[in-house]
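Visitor: What follows is a protein structure lacking sequence information:
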C-alpha cells in the first residue's frame with residue numbers, strides 16, 4: 001500500500017461533465033491517494049480523497 005498526499009493546482013477552463021460552463025477560477029485543492037499494488041508494480045486499486053464541497057466553493061458553484 002502506498003499513501004500519497006498531494007495538492008492539485010489549476011484553472012477551470014473547460015466545461016464540467018454535467019455541462020456547467022467553465023468558471024475561469026483558479027483551484028488549489030489538497031487531497032490524498034491510497035494505492036494498492038500487486039508486485040511487480042501492478043496497480044490493483046487506487047482510492048482518491050478530496051473535499052468536493054471545497055472544490056465547488058473554489059469554483060464559485062453551489063453543489064447539486
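Guide: Good, I have the coordinates. Model, not experiment: these values are computed from the prediction.
Visitor: so where's the chain shaky on pLDDT?
Guide: 63-64 (pLDDT under 70).
Visitor: Give me the longest strand you can find in it.
Guide: strand 26-38 (DSSP state E).
Visitor: Next SSE downstream of it?
Guide: strand 42-50 (DSSP states H and E).
Visitor: How about the residue in this structure that sits furthest from its center?
Guide: Taking Cα atoms, centre = their mean as the measure, the residue most remote from the mean C-alpha position of the chain is residue 40, 27.0 Å away.
Visitor: residues in contact with the longest strand of the chain?
Guide: The contact list for strand 26-38 (Cβ atoms under 8 Å, 6 or more residues apart in numbering) reads 1-12, 43-51, 54-55, 58-59. Heads up, the C-betas are built off the backbone N, CA and C, glycines and all.
Visitor: partners of that strand in the sheet?
Guide: Here strand 26-38 has these sheet partners by DSSP bridges: strand 2-11 (antiparallel), strand 42-50 (antiparallel).
Visitor: As JSON lines, those strands with distance to residue 18 and mean neighbour count would be great.
Guide: JSON lines is the format used below for these (distance: least, Cβ to Cβ, whole Å; neighbours: other Cβ atoms under 10 Å):
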{"stretch": "strand 2-11", "distance to residue 18": "18", "mean neighbour count": "10"}
{"stretch": "strand 42-50", "distance to residue 18": "18", "mean neighbour count": "10"}
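Visitor: Could you dump those strands into a markdown table and include distance to residue 32?
Guide: Shown next, in a markdown table, are the strands paired with strand 26-38 (distance: least, Cβ to Cβ, whole Å):
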| stretch | distance to residue 32 |
| --- | --- |
| strand 2-11 | 5 |
| strand 42-50 | 5 |
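Visitor: Identify the residue nearest the most centrally placed residue in the chain in space, chain neighbours excluded?
Guide: Geometric centre of the chain, nearest residue: residue 50, 6.0 Å, by Cα atoms, centre = their mean. In this structure, residue 50 finds its nearest non-sequential neighbour in residue 31, 3.4 Å apart by Cβ to Cβ, 6 or more residues apart in numbering.
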